[in-house]
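A.B. asks: sequence below, structure please.
(chains A and B)
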There are 2 protein chains.
Amino acid sequence: MSTFWKEYPEITEELTDIKKIIKESIKSREKYLEESIYPMVDAGGKMLRPAFLLLSGKFGDYDSKKMHNLAAVIEMLHIATLIHDDIIDDSKLRRGVDTIQSKYGKEYAVYIGDFLFCQCITMLSKYDYTTENLREISKTISRICMSEISQYHLRYAKNMNIRKYIRIISGKTAALFAICFYAGAREANCNEAMQKLLGKIGYHIGMAFQIIDDLLDYRGDTRVLGKNALKDLKRGYYTLPLIYALKNDKEKEILKLLNRPSLVDNYVDEIIRLVKKYEGIERAEKVADRYTEKAIYYTEKLPDCNSKKILREVIPKLLKRSY
Amino acid sequence: MSTFWKEYPEITEELTDIKKIIKESIKSREKYLEESIYPMVDAGGKMLRPAFLLLSGKFGDYDSKKMHNLAAVIEMLHIATLIHDDIIDDSKLRRGVDTIQSKYGKEYAVYIGDFLFCQCITMLSKYDYTTENLREISKTISRICMSEISQYHLRYAKNMNIRKYIRIISGKTAALFAICFYAGAREANCNEAMQKLLGKIGYHIGMAFQIIDDLLDYRGDTRVLGKNALKDLKRGYYTLPLIYALKNDKEKEILKLLNRPSLVDNYVDEIIRLVKKYEGIERAEKVADRYTEKAIYYTEKLPDCNSKKILREVIPKLLKRSY
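C.D. replies: Now for the predicted structure:
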């Protein structure tokens, strides 16, 4: 697991338990199921989503078992979407390990993702969660799918704009962060105002998180993220830095490059130079900053407790990682 | 829609309403979602699964609205699995219309399938269905995925045997037919014995249905099914006729052909000849007959009513379609 939570041994311990629950729920007679999914669970990443769900639940009546199961479901849903994303993106590596699609083929990856989805629903229906959480979680996943579809549909779209971009990342990233906070709070019987406040924190973290992720592509620093830089651009996903630069580029220098039949590496370097020149990076950073500030602003409104302290520390750490 | 239910105008009418519900639930701001899924809903096929759910529900307290919604969910789940199956099988046509994967690409088809899955869960959580049905339905879909994974995993497996084959088709086909009957009965408050009896009918219909489907590949009659014959064999899916023939083929004539590095059409013709010679078709037909007889046997145990009459008529029609 990432060292992101190392200063919070209680969280690390809970996340370890959540991993155990996930592995337990995948166990089956078909050994290759475990073989293919376990490495991804073990690699784990920061496990931000389950961790945020736990932190949010701690603002109410915290029932560990219930919370850990719900957090496991959220992480499994996230893993399922990653497995399917890797098919679409033809990714070789994820969390530093071979992707299921590269190791076992796209066919296999489709079914493994589906299987995980279903296991999540089975788990949700097994424990006594509120129908509202079940409904909200499935609506969120619908939204993620729809946003991924929109994003895919808008590849190479010259009419991509800020509004469309914001809608896509709200749906594909921020909605899941929001539901983590929201579902954690609701399952812990927080009152409605508290649920909404926590949900807002999640939403703003998610927005900033995605914009920063998209920025990394243009900073071109592969060391930071460990994934191929410029992948999005080459695949025709036009993200915020490019959208801003296109707006400022009255000479349409960038557009001319984008219109070339194939986007070879030379052009890509040139596009990055132009995105910098037309202040695309600067402006996108400012938007990310605004979302981060709002997340912090809402966090300050929370009642004092250990969870608030942790959120105060980790939000800037997470969202200013590359500033 | 197929003419399968044309003698039962009340069922046809209800199925038309179910199509409407499905279309309604897919409606969204993103018009291309509808555009890509509607043709598949309209093509429709026989809509066996929702129809069986309705017929089963009529053995209890039949609440049309509740039943139609549940039947719509079942059909949507079925469509979602078909969309993902078409990715794996690289199919060009389904129900006589272009598959989503062939028309829009595999990437798109992955997300469309996921989206439909999620819409199903959202619908299930919206109406007041029993938690047990929700759990059983998601478990069934898990099983379908696992069986598809097993089937994929066992491609070209020389140790494929009857037991494995039966397990796979139980999971990927019969379980869904069973849950249609079971869920319909439970939602209509049938007693447990009745739920089980109806579930058993569904299971046996599903088993016979899949074996007959697999038989078509070896009868090589493309007119009956409208899909490419021999697809399964070429993809390394060894089904019941082949498994039986392999057992009887002491000279290992078939095995020698299967072991050739590439299965060109000439070999395939020869394999079909050998499967016939070693009584693979005959024996598989007998197994299908036994499942059909059992489905009819359990149907006879049902209390007399219009639904029983319809089941009595359609089961032989469905399962003896090519005898």
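A.B. asks: chain center to the one helix or strand A:Asp213 maps to: distance?
C.D. replies: According to DSSP states H and E, A:Asp213 maps onto helix A:192-219. How far helix A:192-219 lies from its chain's middle: 9 Å, per CA atoms, centre = their mean, to the nearest Å.
A.B. asks: buried residues in that helix?
C.D. replies: Judged by neighbour count using 16 or more other CB atoms under 10 Å in any protein chain shown, the buried positions of helix A:192-219 are A:194-195, A:197-219. The C-beta positions use only the backbone N, C-alpha and C, and glycine is treated the same way.
A.B. asks: and the residue of the stretch 201-323 of chain A found nearest chain B, its phi and psi?
C.D. replies: Going by CB to the nearest CB, chain B is nearest to A:Arg235 of the stretch 201-323 of chain A, at 10.0 Å. When read as degrees, to the nearest 10, the backbone of A:Arg235 gives phi -90, psi 0.
A.B. asks: again with A:Arg94
C.D. replies: According to degrees, to the nearest 10, A:Arg94 has phi -150, psi 130.
A.B. asks: same check on A:Glu279?
C.D. replies: phi 60, psi 30.
A.B. asks: was I right to think it contacts A:Ala245?
C.D. replies: Yes. Contact criterion CB atoms under 8 Å: A:Glu279 and A:Ala245 qualify, at 7.0 Å.
A.B. asks: which one's more surrounded, these two?
C.D. replies: Per other CB atoms under 10 Å in any protein chain shown, whichever of A:Glu279 and A:Ala245 has more neighbours is A:Ala245, with 26 against 17.
A.B. asks: from A:Ala284, how far out is that one?
C.D. replies: A:Ala245 sits 9 Å away from A:Ala284, going by CB to CB, to the nearest Å.
A.B. asks: same check on A:Gly96?
C.D. replies: For A:Gly96, the distance to A:Ala284 - CB to CB - is 27 Å.
A.B. asks: tell me which of the two has more neighbours.
C.D. replies: When A:Gly96 and A:Ala284 are compared on other CB under 10 Å, the one with more neighbours turns out to be A:Ala284, at 25 against 10.
A.B. asks: and that one, that's in a strand?
C.D. replies: No. Under DSSP: H, G, I helix; E, B strand; the rest coil, A:Ala284 falls outside any strand and is assigned helix.
A.B. asks: need the three-state assignment for the residue nearest the centre of chain A.
C.D. replies: Central residue of chain A (CA atoms, centre = their mean): A:Thr173, 4.7 Å from the mean position. With three-state DSSP as the basis, the three-state label of A:Thr173 is helix.
A.B. asks: tell me who's in contact with the closest residue in space to it that isn't next to it in sequence.
C.D. replies: Nearest residue to A:Thr173, sequence neighbours excluded (CB to CB, 6 or more residues apart in numbering or on different chains): A:Gln210, at 4.0 Å. Neighbouring residues of A:Gln210 by CB atoms under 8 Å, 6 or more residues apart in numbering or on different chains: A:169, A:172-174.
A.B. asks: the strand or helix carrying A:Leu70 close to chain B?
C.D. replies: Using DSSP H and E, A:Leu70 maps to helix A:64-89. Yes. Contact of helix A:64-89 with chain B (CB under 8 Å from any CB of the partner chain) involves A:81, A:84, A:87-88.
A.B. asks: how about that helix, which residues are buried there?
C.D. replies: Per 16+ other CB under 10 Å, helix A:64-89 contains these buried residues: A:66-89.
A.B. asks: which stretches of the stretch 151-300 of chain A form helices?
C.D. replies: Using DSSP state H, counting those that start in this stretch, the helices of the stretch 151-300 of chain A run over A:162-169, A:175-187, A:192-219, A:222-225, A:231-234, A:240-248, A:253-258, A:265-277, A:280-300.
A.B. asks: quick one, the third one and helix A:280-300 angle?
C.D. replies: Think helix A:192-219. Orientation check (axes from the mean of the first three to the mean of the last three CA atoms, to 10 degrees): helix A:192-219 against helix A:280-300 gives 160 degrees.
A.B. asks: A:Ser125: which element?
C.D. replies: helix A:106-126.
A.B. asks: run the angle between that helix and helix A:64-89 for me.
C.D. replies: Using the same axes, to 10 degrees: helix A:106-126 against helix A:64-89 is 160 degrees.
A.B. asks: distance from helix A:106-126 to the middle of the chain?
C.D. replies: So, by CA atoms, centre = their mean, the centroid of helix A:106-126 is 18 Å from its chain's centroid.
A.B. asks: coming back round to it: including mean pLDDT, could the helices of the stretch 151-300 of chain A go into CSV?
C.D. replies: Supplementary listing: the helices of the stretch 151-300 of chain A in CSV, determined by pLDDT from 0 to 100:
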stretch, mean pLDDT
helix A:162-169, 95
helix A:175-187, 96
helix A:192-219, 94
helix A:222-225, 44
helix A:231-234, 75
helix A:240-248, 94
helix A:253-258, 88
helix A:265-277, 83
helix A:280-300, 96
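A.B. asks: closest one to A:Leu134 among those helices?
C.D. replies: Minimum separation from A:Leu134 across the helices of the stretch 151-300 of chain A (CB to CB) falls at helix A:175-187, 9.5 Å.
A.B. asks: and the closest one, C-alpha only, in CSV?
C.D. replies: In CSV, the C-alpha atoms belonging to helix A:175-187 read as follows (Å, rounded to 0.1, in the frame of the first residue of the first chain):
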residue,chain,number,x,y,z
ALA,A,175,-19.3,12.1,-7.9
LEU,A,176,-17.5,9.1,-6.5
PHE,A,177,-15.5,11.1,-3.9
ALA,A,178,-18.8,12.9,-2.9
ILE,A,179,-20.7,9.6,-2.4
CYS,A,180,-17.8,8.3,-0.3
PHE,A,181,-18.3,11.1,2.2
TYR,A,182,-22.0,11.1,1.8
ALA,A,183,-22.6,7.4,2.2
GLY,A,184,-20.2,7.2,5.2
ALA,A,185,-22.1,10.0,6.9
ARG,A,186,-25.5,8.7,6.2
GLU,A,187,-24.7,5.2,7.3
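A.B. asks: now A:Lys200: closest residue in space, sequence neighbours ignored.
C.D. replies: Nearest residue to A:Lys200, sequence neighbours excluded (CB to CB, 6+ apart): A:Tyr298, at 5.1 Å.
A.B. asks: pLDDT weak spots in the stretch 51-200 of chain A?
C.D. replies: Along the stretch 51-200 of chain A, segments meeting pLDDT under 70 are nowhere present.
A.B. asks: can you report phi and psi for the most far-flung residue of chain A relative to its centre?
C.D. replies: In chain A, A:Glu251 marks the outermost C-alpha relative to the chain mean, sitting 35.1 Å out by CA atoms, centre = their mean. Taking degrees, to the nearest 10, you get phi -80, psi -10 for the backbone angles of A:Glu251.
A.B. asks: for it, what are its contacts?
C.D. replies: Contacts of A:Glu251 by CB under 8 Å, 6+ apart: none found.
A.B. asks: nearest spatial neighbour of A:Ile141, chain-adjacent residues omitted?
C.D. replies: Counting by CB to CB, 6+ apart, B:Cys118 is the residue found nearest to A:Ile141 once chain neighbours are left out, at 4.5 Å.
A.B. asks: distance of that neighbour from A:Ser147?
C.D. replies: 12 Å.
A.B. asks: over to A:Asp98: give its phi and psi.
C.D. replies: According to degrees, to the nearest 10, A:Asp98 has phi -60, psi 140.
A.B. asks: how near is A:Lys250 to A:Glu75?
C.D. replies: Taken as CB to CB, the span from A:Lys250 to A:Glu75 is 46 Å.
A.B. asks: got the angle for the helix holding A:Asp213 vs helix A:240-248?
C.D. replies: Interaxial angle, helix A:192-219 versus helix A:240-248 (the same axes, to 10 degrees): 70 degrees.
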